[in-house]
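Student: how would this look folded up:
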Amino acid sequence: MERPAETEDMRVRVEPTASSARRTVLLTSDGVPIEAAHLPAAHGSGRLAIVIAHGFTGALERPAVRRAARELSRFGGVVTFSFRGHGGSGGRSTVGDLEVLDLAAVVAWARGLGYERVATVGFSMGGSVVLRHAGLPGTRDATGAGDTTGAGVSGGAGDAGDGYGVAAVVSVSSPARWYYRGTAPMRRVHWVVMRPVGRLVSRFGLKTRIHPEDWNPVPVSPVEAVPFIAPTPLLIVHGDRDTYFPLDHPLSLAAAAGEDGAELWIERGFGHAENAADDALLARIGAWLTSRVPSA
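Tutor: Have a look, this model is predicted:
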């Protein structure tokens, strides 16, 4: 198992931060240390935890993620984290495959903090991860919602376990399918991920460490996972000015969810992921979550 220089202590630890949040390092089921932070709800409620899954090259310390956390803390406690290969987390990014294990570890930690319900909000790569995570076999929250079959994780994820059940899912700016190269930004992303020189640029320029091996096997795609999420409430959000993924991606995700399986918001003037999400959109997402998460 890889141990990057920035992660010297593999044990779970909790330490104070400059804000009211607290920090920890979690260990995934495949042994990767993941940094995470908890920001209590602004109104003091301990009922709902909102886990934010950032996009590719993001991290919990990035300004857009911190802004999203502050805004969503108006609606519940917020947990942010850095996916493997990002920020202070260990390992290397698999760009949406084994990141499901990272999310599972964070959801389990959020539940262990005492929250009655846990919801996930993912952006771009994180949006694809929250969809795949919610569509895993055996996924259910404490209400029994979301019992699923048929969508797995490649690379030996093993049992779903306690870190997989969620009460609601929001996927923002997610791809529907893998290997999409139909836009210039996505062609650049593929160059970064697939080429050795691109991975060097990513490591030193974008502070993101990428695994050099191809997927084997190819993981279940978001559009293949979506049909297994119901009856867990699902919101798909996409911008009509998204330069990475055109509107056929959210439309195909919504269609795969089936009738009444997902709510779809096509946002006028919205670009891509957390960097483009303004406070008004984040507030609407928070309000949607609190309206959909059942009382204990």
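Student: please count neighbours and contacts with C-alpha atoms only from this point.
Tutor: OK.
Student: residues making contact with stretch 179-189?
Tutor: Residues outside stretch 179-189 that contact it (CA atoms under 8 Å, 6 or more residues apart in numbering): His190, Thr243, Tyr244, Phe245.
Student: surely the last one touches Pro175?
Tutor: Yes: taking contact to mean CA atoms under 8 Å, the distance of 6.3 Å between Phe245 and Pro175 places them in contact.
Student: quick one, which of these two is more surrounded?
Tutor: The residue with the greater number of neighbours, taking Phe245 and Pro175 and applying other CA atoms under 10 Å, is Pro175; the counts read 28 against 25.
Student: can you tell me the helix or strand for the residue nearest to the more buried one when sequence neighbours are not counted?
Tutor: Spatially, and ignoring its direct neighbours in sequence, Pro175 is nearest to His249 (5.8 Å; CA to CA, 6 or more residues apart in numbering). With the criterion set as DSSP states H and E, the secondary-structure element containing His249 is helix 248-257.
Student: let's see that helix as CSV, backbone CA atoms only.
Tutor: Included here for helix 248-257 are C-alpha records, laid out as CSV according to Å, rounded to 0.1, in the frame of the first residue of the first chain:
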residue,chain,number,x,y,z
ASP,A,248,-27.5,14.3,-23.2
HIS,A,249,-25.6,13.2,-20.1
PRO,A,250,-28.1,14.4,-17.5
LEU,A,251,-31.0,13.5,-19.8
SER,A,252,-29.8,9.9,-20.1
LEU,A,253,-29.2,9.6,-16.4
ALA,A,254,-32.8,10.8,-15.7
ALA,A,255,-34.2,8.4,-18.3
ALA,A,256,-32.2,5.5,-16.8
ALA,A,257,-33.7,6.3,-13.4
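Student: who does the helix or strand following that helix pair up with?
Tutor: Remark: after helix 248-257, the chain's next helix or strand is strand 263-267, criterion DSSP H and E. Note on strand 263-267: by DSSP bridges, its sheet partners are strand 234-239 (parallel).
Student: tilt between the partner strand and helix 248-257?
Tutor: Here strand 234-239 points in a direction 160 degrees away from that of helix 248-257 (axes from the mean of the first three to the mean of the last three CA atoms, to 10 degrees).
Student: what mean pLDDT does strand 234-239 get?
Tutor: In this model, strand 234-239 has an average pLDDT of 98.
Student: then stretch 198-215?
Tutor: Stretch 198-215 shows an average pLDDT of 92 in the prediction.
Student: now do the end-to-end distance for it.
Tutor: With CA to CA, to the nearest Å applied, stretch 198-215 spans 17 Å between its terminal residues.
Student: contact partners of that stretch?
Tutor: Residues outside stretch 198-215 that contact it (CA under 8 Å, 6+ apart): 57, 85-87, 91-95, 191-194, 196.
Student: same thing but 10 Å
Tutor: 56-59, 83-88, 90-95, 97, 154-155, 188-197 (CA atoms under 10 Å, 6 or more residues apart in numbering).
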